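Enquirer: Dropping a prediction and its sequence here:
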Number of protein chains: 2
Amino acid sequence: MLKLYYTPDTCALASHIALNDAGADYTIARISFAGEEQRKPEYLAINPKGRVPALVTNRGILTETPAILAFIAQSYPRAALAPFDDPFRLAQVQAFNLYLCATLHVAHSHRMRGARWADEAASFADMQRKVPESVAACFRLIEDNMPAGPWVMGESYTICDPYLFTMAQWMEADGVDPARFPKVSDHRRRMSERSRVRSAIAAELA
Amino acid sequence: MLKLYYTPDTCALASHIALNDAGADYTIARISFAGEEQRKPEYLAINPKGRVPALVTNRGILTETPAILAFIAQSYPRAALAPFDDPFRLAQVQAFNLYLCATLHVAHSHRMRGARWADEAASFADMQRKVPESVAACFRLIEDNMPAGPWVMGESYTICDPYLFTMAQWMEADGVDPARFPKVSDHRRRMSERSRVRSAIAAELA
């Protein structure tokens, strides 16, 4: 039985949705950022990085969203969530998720997590002012390179879809106007209508 | 024939070494950051992100180091550079590389690339002051969780090894004392003695 450590409104939602997509048997465990639970010894024993998500498996604990998403896809091949039989297509899937992880999410994190990279209040304020521009630039690149759909990789639903949906949920809070990105917004609406997505969000807020 | 776009002293070195490890048939093409070539239309047509590395394949162009490394490993299975037959071990390999990409490299980038996330000179200076601490914290986590070796994943050499080596090359410039991280330093020395590593570095500087 898998166990997903998550915090609501974080990138952990992508793994949560993917577990539903895979038809996996799993439980979830909430880590409260408000209570700083991610920095307490109990959680650091699970994930020394002090972040979510963390996925407990019968062989050990996995971290890092793109790695967890690929693990879910490879572990539940019948769900066909990633093209593991095609190295080039798989690399395209992974490259998309890498961009979300290492560029879009990082840009977003400068709104609330500036203390990772600077010390002065003035720097944090400067970073926060830049977020609408830097996050929008990421969505511009995604929008301009996305196929017509219905999914990120075209006809096939993959582990890119729950991850993009999760990041797109943060647009308004990051000061980015979704109307500027019609393909991303259509994708977000399409995802939000899926019962597997709705049930993951509902479970996180329960 | 593969073609790797690179810039010396960047993370592209990891993919370059992995191509040697795989025994791949490839060429390299240098992009000059000093000449701002990564922002010129000719290169943006190859990689709209304006970054290196980019790997041109006979099916299209791939970006993002962890995705390129996994592609190389899966495309040259005889080199056994990643455990594609074991979802959990593969996810561990990917999670390690993700941490390098999205946490260590991002911390490092605040020394020279602060304009991605802020606008004020004072913020850039603040970010630069923080780099020795934030990068060292990443190497602390790696050091404390690394097996005895000889490689990142233990007995088996994987695509984690050229990537860690590449990032460890930046320690001194980032103000991090390698002596604080004996396992990482041993690994770096062991890697630097490999002819596949030396030839990649020599080719980039030629």
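Expert: Arrived safely, thanks for sending. Numbering: from 1, shown residues only, chains lettered A, B, ... in the order given.
Enquirer: Please list the residues outside the longest helix along chain A that contact it.
Expert: Within chain A, and with DSSP state H defining each element, the longest helix by residue count is helix A:121-145. By CB atoms under 8 Å, 6 or more residues apart in numbering or on different chains, the residues outside helix A:121-145 that reach it are A:99, A:103-104, A:107-108, A:110-111, A:114-115, A:117-118, A:164, A:168, A:170-171, A:174-177, A:180-184, B:48-49, B:116-120, B:122-123, B:126-127. For glycine as for every other residue, the C-beta is placed from the backbone atoms N, C-alpha and C.
Enquirer: For it, list every residue counted as buried.
Expert: A:123-124, A:126-132, A:134-136, A:138-139, A:141-143 (16 or more other CB atoms under 10 Å in any protein chain shown).
Enquirer: Quick one, which of the contacts of helix A:121-145 are buried?
Expert: Buried among those (16+ other CB under 10 Å): A:99, A:103-104, A:107-108, A:110-111, A:114, A:117-118, A:164, A:168, A:170-171, A:174, A:176, A:181, A:183-184, B:49, B:116-118, B:120, B:123, B:126-127.
Enquirer: Among those, which lie within strands?
Expert: When strands are assigned by DSSP state E, not one member of these lies inside them.
Enquirer: Residue A:203 reaches residue A:16, doesn't it?
Expert: Yes. In this structure residue A:203 lies within contact range of residue A:16 using CB atoms under 8 Å: 7.4 Å.
Enquirer: Just give the closest residue to residue A:48, not the sequence neighbours.
Expert: Nearest residue to residue A:48 in three dimensions, chain neighbours excluded: residue B:141, at 6.1 Å (CB to CB, 6 or more residues apart in numbering or on different chains).
Enquirer: Give me the pLDDT value at the one you found.
Expert: What the model reports as pLDDT for residue B:141 is 98.
Enquirer: From residue B:89, how far off is it?
Expert: Computed with CB to CB, to the nearest Å, the distance linking residue B:141 and residue B:89 is 20 Å.
Enquirer: What residues of stretch A:1-8 count as buried?
Expert: Applying a neighbour-count criterion of 16+ other CB under 10 Å, the buried positions in stretch A:1-8 are A:2, A:4-8.
Enquirer: ah, wrong one, I meant stretch A:21-31
Expert: Neighbour counts over stretch A:21-31 (16+ other CB under 10 Å) mark A:21-22, A:24, A:26, A:28, A:30-31 as buried.
Enquirer: Quote the end-to-end distance of that stretch.
Expert: From its first residue to its last, stretch A:21-31 covers 23 Å (CA to CA, to the nearest Å).
Enquirer: average pLDDT across it?
Expert: Mean pLDDT, taken over the full extent of stretch A:21-31, equals 98.
Enquirer: just how off-centre is it within its chain?
Expert: Here the centre of mass of C-alpha atoms in stretch A:21-31, compared against the chain's by CA atoms, centre = their mean, to the nearest Å, lies 15 Å away.
Enquirer: Determine if any part of that stretch is in contact with chain B.
Expert: No. Stretch A:21-31 stays out of contact with chain B when judged by CB under 8 Å from any CB of the partner chain, the minimum separation being 11.7 Å.
Enquirer: what sits up against that stretch?
Expert: Taking CB under 8 Å, 6+ apart as the rule, stretch A:21-31 contacts A:1-8, A:16, A:19, A:37-38, A:43, A:52, A:72-73, A:75-76, A:78-79, A:81, A:157, A:162, A:196, A:203-204.
Enquirer: Which ones, among the residues you listed, also lie beside chain B?
Expert: Among the contacts of stretch A:21-31, the residues lying close to chain B (CB under 8 Å from any CB) are residue A:75.
Enquirer: Among the contacts of stretch A:21-31, which are located in strands?
Expert: Within the contacts of stretch A:21-31, residues falling in strands by DSSP E are A:2-6.
Enquirer: Which one of those residues is nearest to chain B?
Expert: Proximity of those to chain B, judged by CB to the nearest CB, is greatest for residue A:2, which lies at 11.3 Å.
Enquirer: Could you find the closest non-adjacent residue to the closest one?
Expert: Nearest residue to residue A:2, sequence neighbours excluded (CB to CB, 6+ apart): residue A:26, at 4.0 Å.
Enquirer: Equivalent analysis for residue A:163, please.
Expert: Nearest-residue entry for residue A:163: residue A:14, 4.2 Å, with adjacent residues in sequence omitted and distances by CB to CB, 6+ apart.
Enquirer: Distance across stretch A:62-81, terminal residue to terminal residue?
Expert: Between the start and the finish of stretch A:62-81 there is a gap of 18 Å, counting by CA to CA.
Enquirer: can you check stretch A:98-113 too?
Expert: The first residue of stretch A:98-113 is 20 Å away from its last residue (CA to CA).
Enquirer: list the contacts for residue A:110?
Expert: A:117, A:127-128, A:130-131, A:134, B:117-118.
Enquirer: For chain A, just list every one of the helices.
Expert: A:12-22, A:41-44, A:65-75, A:87-99, A:105-109, A:121-145, A:160-168, A:182-192, A:195-205.
Enquirer: got TSV for these, with distance to residue B:151 too?
Expert: Formatted as TSV, the helices of chain A follow (distance: least, CB to CB, whole Å):
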stretch	distance to residue B:151
helix A:12-22	28
helix A:41-44	26
helix A:65-75	18
helix A:87-99	22
helix A:105-109	28
helix A:121-145	34
helix A:160-168	29
helix A:182-192	39
helix A:195-205	37
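Enquirer: State the distance from residue A:13 to residue A:7.
Expert: To residue A:7, residue A:13 is 9 Å away according to CB to CB.
Enquirer: Not counting stretch A:69-78 itself, show me its contacts.
Expert: A:14-15, A:18-19, A:21-24, A:55, A:57, A:62, A:79, A:81-82, A:84, A:94, A:97, A:158-159, A:162-163, B:87-88, B:90-91, B:94.
Enquirer: For chain A, give me the ranges with low pLDDT.
Expert: Low-confidence segments of chain A, defined by pLDDT under 70, are absent; every residue clears the threshold.
Enquirer: Using CSV, list the CA coordinates for stretch A:171-187.
Expert: Only the C-alpha atoms of stretch A:171-187 are listed here, as CSV (Å, rounded to 0.1, in the frame of the first residue of the first chain):
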residue,chain,number,x,y,z
MET,A,171,-2.0,31.4,-11.8
GLU,A,172,-4.4,33.8,-10.1
ALA,A,173,-2.4,33.9,-6.8
ASP,A,174,0.8,34.5,-8.8
GLY,A,175,-0.8,37.5,-10.6
VAL,A,176,-1.1,35.8,-13.9
ASP,A,177,-4.2,36.3,-16.1
PRO,A,178,-5.4,32.9,-17.3
ALA,A,179,-7.1,34.5,-20.2
ARG,A,180,-3.7,35.2,-21.8
PHE,A,181,-3.2,31.4,-22.1
PRO,A,182,-6.3,29.9,-23.8
LYS,A,183,-4.8,26.4,-24.4
VAL,A,184,-3.5,26.2,-20.8
SER,A,185,-6.9,27.4,-19.5
ASP,A,186,-8.9,24.9,-21.7
HIS,A,187,-6.7,22.2,-20.4
